[in-house]
Every structure is written in structure tokens, then in C-alpha cells.
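# Have a look; sequence and predicted model below, questions after that.
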Amino acid sequence: MSALLEVEDLRVAYGKIEAVKGISFSVEAGQVVTLIGTNGAGKTTTLRTLSGLIKPLAGKIVFDGQPLNDVPAHKIVSMGLAHSPEGRRLFPRLTIAENLQLGAFLRKDSAGITQDMQKAYDLFPILGERRNQASGTLSGGEQQMLAMGRALMSRPKLLMLDEPSMGLSPIMMQKIMETITELKSQGTTILLVEQNAQAALSLADRGHVMEIGNIVLSGTGRELLHDESVRKAYLGED
Amino acid sequence: MHDLPEQLANGLILGAMYGLIAIGYTMVYGIVQLINFAHGEIFMIGGFGALTAWLWLPDGTSLMVALPVMVLMAMTCAILVGIGAERLAYRPLRGGPRLAPLITAIGLSIALQQAIWAFYPDAKKDLSFPQFEGGTVHLAGISLQRGEIFLLVAAPLCMIALAVFVSKSRTGRAMQATSQDPDTAKLMGINTDRIIVTAFAIGAAFAAIAAVAHGLKYGQVSFRMGFIAGLKAFTAAVLGGIGNIYGAMIGGLALGLAEALATAYMADVPGMEQFGGGAWKDVWAFVLLILVLLLRPQGILGERVSDRA
């Protein structure tokens, strides 16, 4: 059986600077796969390439049996790939409800949309309480919830989350990680980019460690969590 | 000051025209952060489109009957040129240095003027635009030219339609999203290229309506008419807060009123006797702009210069 997402020898460059230098990995349906690594490792670039915001230099991206290389960004979400970008990137002057509706922009089933919005409010009750408030007025954690809720509104086959814990308080971070665990238990397939390696590896089926544009180490979440070099480099242990 | 109501009406009419043109500057800026300096020429093309329709219609057609055809033709011409400019001149430069499309816009503005000057029959001089028969209409003690009534009806209708479209329709929502964060809008499945084209088209259509109003009011069109009207409308857009459609309307009205009132009454201000009258109206318009930019650089309704610049 082929994987839901297959990335083969992907290379991405900004001008002459190669940010991703030939990486390969795959995501099976139902899995949570994480890319960890420091700033500048190429994790965000990888996600932005998968969702079509950047054109790859070389390599192959196959999603759900279809090549993605030449598909424009606005068509990729309709194929079932949703991206919750780094820094949340909400539409700050639109309300929470409007942000969620935009997540379902390409869907025509208004009953299903209403239902999924209610699901998002059930998952994050604070969003329901403030649904008519401009999203720019939310706290960082609430914005992250909304960003995830918005990405889920397209009913994706694969949800890509870029640094969902960035800039959050430890309590909020824990809440977000619990949500990801819950989504996982509901069968959502997730590609998770995180700097918080401990949290990401604890819940991931598979992990890949990126360093300056390359995948340097791969394994199950548990294996990487106990790997000595990972513990030294990313978990702050001597 | 006995003619104050009349002067206010004058200002509002002028302002509504500036506001209609300003929509095009502000919508395009709001979405692609480009000052489309060729927008004044798109307005001018609209005027020539309307005149062409008038000349094509059989002699003796009443202006009342011809007007819808002229408006339609004006809008078609302006939209085609607006979309063409986006496709051929601006889109290839998107993602490049910000100065490149700006300079292109200035070049395009000159090219369009010269194209009309060179190729439209007799356009080297001012061409006369059809006028409504009969004199002025008296309405609540204010006398209006018949041509101005077209603008007084069309401008509020356009503005209301636009406000409803932007806030209620799916495309309008997508437009707001694109202006706030284009990359993320793409992630939602929004075809941002199409949204940008839509913004150009709406701006062009509004400019075309303003151009018909301009023709009816002044009785002529010329290949140069877009320059000063465009500059004024751009001023109105900045005055109201560029990127904000309500700002464009308010900025237009403020500018129109300032011009009309300064023209009429500046000479009555002690010490300013020599600065009244029509010759100084542009000066007062730009003085207002400078004052607003000094005191409130983001414009009357603007709020987001810092996160966009």
C-alpha cells in the first residue's frame, strides 16, 4: 500500500540558497509524523512547498496518488491537504466565525459546514463564546486553536501543523498538544513541525530530525525520544 | 454665505466623483499594495468609451435612452483596459521589487494617454460630450445641472452595492482575506489571482461611471482628463486611509467639500482675499492632504499602515 503523502528527494531553494537539500519521507494514513529540528533546518519551507506556496527545485511530492509539484496552492486544499501555518496567520480583522468559514471556502455543503463549525466550538469552547469577535483580539493560545480549527474546516485527509506551540505558555502548550493527541485518536493524519521535540516525539508515530536542509535521523517517536544524539541536541540534556 | 447649501451640494457632487474613482486606487492597493497610477487613464478610457457609444447610436437618440448604453460601454472599455493592465503589465512583476510595478504604472499611464491622443479620431483636442437638454433643476432650493443628478443617483448606489458585496458575498469575503494575508488566503483555497482581477475590474467599473458623470458635468472628454482627476482621487484615497473602501468614499467627499468651500469662501477670510476662486482650488485640495498626512498619516479611517508598509 502506498502512503498518503510521499516526498522523494525534495529540494527547495530561495534564489541561490538551498533551504531543503533533498529530503525523502512519507506519511501513512492515520499516522502522526513529526519533523523536528532547530530554526533554519528547513521544516517550514518543507510544509510551504507541500501546500504549493513555494515551487520545489526538484524532487517528487505525491499526495493521495496524485503528483503535487505543479498544482497551484489554491487547488491543493481541495485535494485534502490543509496547512495551519507558522505564526497562526489568522485574518485578524475578520471574526472567529468568518475565519472558520474561510477554512471551508471550497465546500458547498452548508449543513456540513455548520456542523463542523459546531465541532470546532466543541473542541475549543472559548472560540464558540467569542465567535463574533475579531480574531486579532484573541490571545496567542486562542489564535492557535482557531488556526487549527480553521485548517480542520476543509475536512482534510492530512493536516499539517507548523509550530503550533510557538510562543505559548506551558499550560497553553499542553492544551494544544492534548488537542493534537485527541485529533490523532479520532484518526486524523497529521504532519507536525515542532521545535518542542519532547512534546512532538511523545505523540508522534514517526519522527524525522532535520538539520540545515537535510533529514539526518529518522525513527519512531519513541526511538528518537530515547536516542542519545537527539536527547543531547534537542532535549537539552548533557 | 447665502449660497451655502448650493456650495455644499457642489462639494458633495465633486466629492462623490472623486470617491468613485478613489475606490479603484484603494481596492487595488488594499490587495496588492500597488498604487495603480494608470487608474486615472482607465477613468479617461471610460469617458471615451461612453462617447464612442453615443457616436455609434443613431442621430436623434435621446440622451436618457442612450445613457445606459453609454455607461455599459464605458464600463466595458475601462474593465478591459484595467484587466489587461493587470494581466500584461502588473502580474508578471508580482513578487519582484515593489518599485517595478509602480514605475510600470506611471509608464502605462503615459502610454494610454498617448494611445488615445494618437489613435482616437480627433482626440488631439477636447471632444464634446452629450449634454442633457433643458436648464437646471431646482431641488429644495438648490439648483442642479441635469447631468449631476446621474451622479447623485449612481454614486450612492455603487457605494452601497460595493459595501454589501465586500461584507456579504463569498467573493467579498475572499477579497478581505486576500487583502489581510494573501498566502494564507491561498491555503484556504482562494484563487488570489482571480481576486486581484476582480479588484481591478470593480475599480475600473466605478471609474467608468465617474467618467460618464464627469462628461455630463463638464460637457467634454480629453485624453488628459485622467491626470488631474486621478491625482485628486488618489488624494481622496490617501485622505480617507488607503486600502479602506469606506475611507475612499469619505476621503472623496471631504476633498470635494474642501475644494468647493475654499473656492467659494476663501476670499471672504480676512487676509486671504487673493486665494479664493477656482484658480486656487487644487492648492486647497492638496493643502488639506498635507494637513491630514501631518496630523493623521494613516488617513481618516486608516488603521494599518504599520503592518502593511
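Everything's here; your move.
# For A:F25, grab phi and psi.
phi -160, psi 170 (degrees, to the nearest 10).
# list the contacts for it?
Shown in contact with A:F25 (Cβ atoms under 8 Å, 6 or more residues apart in numbering or on different chains): A:7, A:33, A:35, A:208, A:215, A:218. Placement of C-beta: from N, CA and C, glycine included.
# same thing with B:I300?
Contacts of B:I300 by Cβ under 8 Å, 6+ apart are B:239-241, B:247, B:250-251, B:254, B:292.
# part of a helix, is it?
No: membership of B:I300 in a helix is not supported by DSSP: H, G, I helix; E, B strand; the rest coil, which gives coil.
# For chain A, see how far away the residue nearest to it when sequence neighbours are not counted is.
Sequence neighbours aside, B:G240 is the residue nearest to B:I300 in space, at 5.2 Å (criterion: Cβ to Cβ, 6 or more residues apart in numbering or on different chains). For B:G240, the distance to chain A (Cβ to the nearest Cβ, to the nearest Å) stands at 17 Å.
# Could you tell me how many residues sit around B:G240?
29 (other Cβ atoms under 10 Å in any protein chain shown).
# what do you get for B:F234?
Neighbour count for B:F234, taken as other Cβ under 10 Å: 25.
# Contact partners for the residue nearest to B:I300?
So B:G240 contacts B:22, B:26, B:246-252, B:254, B:299-302 (Cβ under 8 Å, 6+ apart).
# same question, B:I106
Neighbour list for B:I106: B:37-38 [criterion: Cβ under 8 Å, 6+ apart].
# B:E133 falls within a helix, correct?
No: under three-state DSSP, B:E133 falls outside any helix and is assigned coil.
# Can you name the residues that contact it?
Counting by Cβ under 8 Å, 6+ apart, B:E133 makes contact with B:63, B:146.
# and it, backbone torsions?
Here B:E133 shows phi and psi, under degrees, to the nearest 10, equal to phi -70, psi 160.
# swap in the one 10 residues further on?
In terms of degrees, to the nearest 10, the main-chain angles of B:S143 are phi -100, psi 130.
# Look up the closest residue to A:A41, ignoring the ones flanking it.
Nearest residue to A:A41, sequence neighbours excluded (Cβ to Cβ, 6+ apart): A:M210, at 4.0 Å.
# List the contacts of the helix or strand harbouring that neighbour.
Assigned by DSSP states H and E, A:M210 belongs to strand A:206-211. Contact with strand A:206-211 is made by A:23, A:25, A:31-38, A:41-43, A:46, A:200-201, A:215-221, A:224, A:230, A:233-234, as judged by Cβ under 8 Å, 6+ apart.
# avg pLDDT for that strand?
The pLDDT scores in strand A:206-211 average 96.
# how about it: buried residues?
A:206-210 (16 or more other Cβ atoms under 10 Å in any protein chain shown).
# Return the member of the residues you listed nearest to chain B.
A:M210 (21.6 Å; Cβ to the nearest Cβ).
# before we move on, the earlier item: in helices, which of the contacts of strand A:206-211 fall?
Of the positions in these, A:43, A:46, A:200-201, A:221, A:224, A:230, A:233-234 sit in helices, assigned by DSSP state H.
# Direction included, what does the strand holding A:M210 pair up with?
Within its sheet, strand A:206-211 is paired with strand A:32-36 (parallel), strand A:214-220 (antiparallel), according to DSSP bridges.
# Out of these, which is closest to B:M75?
Proximity to B:M75 (Cβ to Cβ) singles out strand A:32-36 among the strands paired with strand A:206-211, at 50.7 Å.
# I'd like the distance from that closest one to the chain centre, please.
9 Å (Cα atoms, centre = their mean, to the nearest Å).
# how about the CA coordinates for that strand, as CSV?
Only the C-alpha atoms of strand A:32-36 are listed here, as CSV (Å, rounded to 0.1, in the frame of the first residue of the first chain):
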residue,chain,number,x,y,z
VAL,A,32,1.2,11.4,13.2
VAL,A,33,4.6,12.2,11.7
THR,A,34,6.8,15.0,13.1
LEU,A,35,9.6,17.0,11.6
ILE,A,36,11.8,18.4,14.4
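# what are the bridge partners for the residue nearest to A:A41, then?
Under the criterion used (DSSP bridges), A:M210 bridges to A:I215.
# what's the helix-or-strand element of chain A with minimal mean pLDDT packed up against?
When the helices and strands of chain A are scored by mean pLDDT, DSSP states H and E, helix A:228-234 comes last with a mean of 86. Applying 3 or more Cβ pairs under 8 Å, 6 or more residues apart in numbering or on different chains; DSSP states H and E, one finds that helix A:228-234 contacts helix A:197-203, strand A:206-211.
# would you list every one of the helices in the chain?
Picked chain A for this. A:43-50, A:73-76, A:96-103, A:110-123, A:125-129, A:140-152, A:170-185, A:197-203, A:221-226, A:228-234.
# Chain B, not that one
B:4-32, B:39-56, B:63-84, B:99-119, B:146-168, B:170-180, B:182-187, B:192-218, B:225-240, B:245-265, B:281-295.
# List the buried residues in the third one.
By 16+ other Cβ under 10 Å, the buried positions in helix B:63-84 come out as B:63, B:66-67, B:70-71, B:73-79, B:81-83.
# still on that earlier bit, can I get the buried residues of strand A:206-211 in TSV with distance to B:A155?
Formatted as TSV, the buried residues of strand A:206-211 follow (distance: Cβ to Cβ, whole Å):
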residue	distance to B:A155
A:R206	61
A:G207	61
A:H208	59
A:V209	62
A:M210	57
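# Please look at B:D183 and A:E86 and confirm they touch.
No: the criterion here is Cβ atoms under 8 Å, and B:D183 misses it with A:E86 at 10.9 Å.
# what does chain A put close to chain B?
For chain A, the contact set with chain B under Cβ under 8 Å from any Cβ of the partner chain comprises A:51-53, A:72-75, A:77-78, A:82-83, A:85, A:89-94, A:98, A:101-103, A:105-106, A:150, A:154.
# Going through those residues, which ones are buried?
A:51-53, A:73-74, A:77, A:82-83, A:85, A:89-94, A:98, A:101-103, A:105, A:150, A:154.
# what's the angle from the strand holding A:M210 to helix A:43-50?
110 degrees (axes from the mean of the first three to the mean of the last three Cα atoms, to 10 degrees).
# Keeping just the C-alphas, turn strand A:206-211 into CSV.
Output in CSV follows, covering the C-alpha atoms of strand A:206-211 (Å, rounded to 0.1, in the frame of the first residue of the first chain):
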residue,chain,number,x,y,z
ARG,A,206,7.3,8.6,13.3
GLY,A,207,9.8,11.4,13.5
HIS,A,208,12.5,12.9,11.3
VAL,A,209,15.2,15.2,12.6
MET,A,210,16.1,18.0,10.2
GLU,A,211,19.4,19.9,10.2
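# rewinding a little: just send the ones in helices among the contacts of strand A:206-211 back as a markdown table, with neighbour count too.
Shown next, in a markdown table, are the ones in helices among the contacts of strand A:206-211 (neighbours: other Cβ atoms under 10 Å in any protein chain shown):
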| residue | neighbour count |
| --- | --- |
| A:K43 | 25 |
| A:T46 | 28 |
| A:A200 | 28 |
| A:L201 | 27 |
| A:G221 | 19 |
| A:L224 | 25 |
| A:V230 | 22 |
| A:A233 | 18 |
| A:Y234 | 22 |
